[in-house]
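[1] How does the following fold in three dimensions:
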Amino acid sequence: DHYRDDAQMHHFLDTNLYRAKPRVSDWLLDISSLSYVEMFQF
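    A predicted model of the protein is given here:
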């Protein structure tokens, strides 16, 4: 029973990380483009 819960937890984390990856890369792109714009404002 404990092993099954562990496997479910790993599956849950894997799917959530997989879904979060594009969002994280978008967020990083937003941050880099924002700092890029700020650099050119000066």
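[2] three-state assignment of residue 15?
    Secondary structure of residue 15, reduced to three states by DSSP: H, G, I helix; E, B strand; the rest coil: helix.
[3] tell me, how many neighbours does it end up with?
    By the measure other C-beta atoms under 10 Å, the count of residues near residue 15 is 10. For every residue, glycine as well, the C-beta is placed using N, CA and C.
[4] per-residue confidence for it?
    On pLDDT, residue 15 comes in at 78.
[5] Residue 28 now?
    pLDDT, read off for residue 28, is 74.
[6] Return the distance of whichever strand or helix holds it from the chain's centre.
    According to DSSP states H and E, residue 28 maps onto helix 2-41. Centroid separation for helix 2-41 versus its chain: 0 Å, with C-alpha atoms, centre = their mean, to the nearest Å.
[7] Can you tell me which helices and strands it packs against?
    Judged by 3 or more C-beta pairs under 8 Å, 6 or more residues apart in numbering; DSSP states H and E, helix 2-41 is in contact with no other helix or strand.
[8] which regions of this structure lie under the pLDDT threshold?
    Along the chain, segments meeting pLDDT under 70 span 1-2, 20, 36-37, 39-42.
[9] What is the neighbour count of residue 4?
    Residue 4 has 8 nearby residues by other C-beta under 10 Å.
[10] From residue 17, how far off is it?
    Computed as C-beta to C-beta, to the nearest Å, the residue 4 to residue 17 distance reads 20 Å.
[11] try residue 3
    For residue 3, the distance to residue 17 - C-beta to C-beta - is 21 Å.
[12] Of the two, which one has the most company?
    Shown here are residue 3 and residue 17; by other C-beta under 10 Å, residue 17 has more neighbours (10 against 7).
[13] separation between residue 22 and residue 9?
    23 Å.
[14] Also residue 19?
    Residue 19 is 16 Å from residue 9, by C-beta to C-beta.
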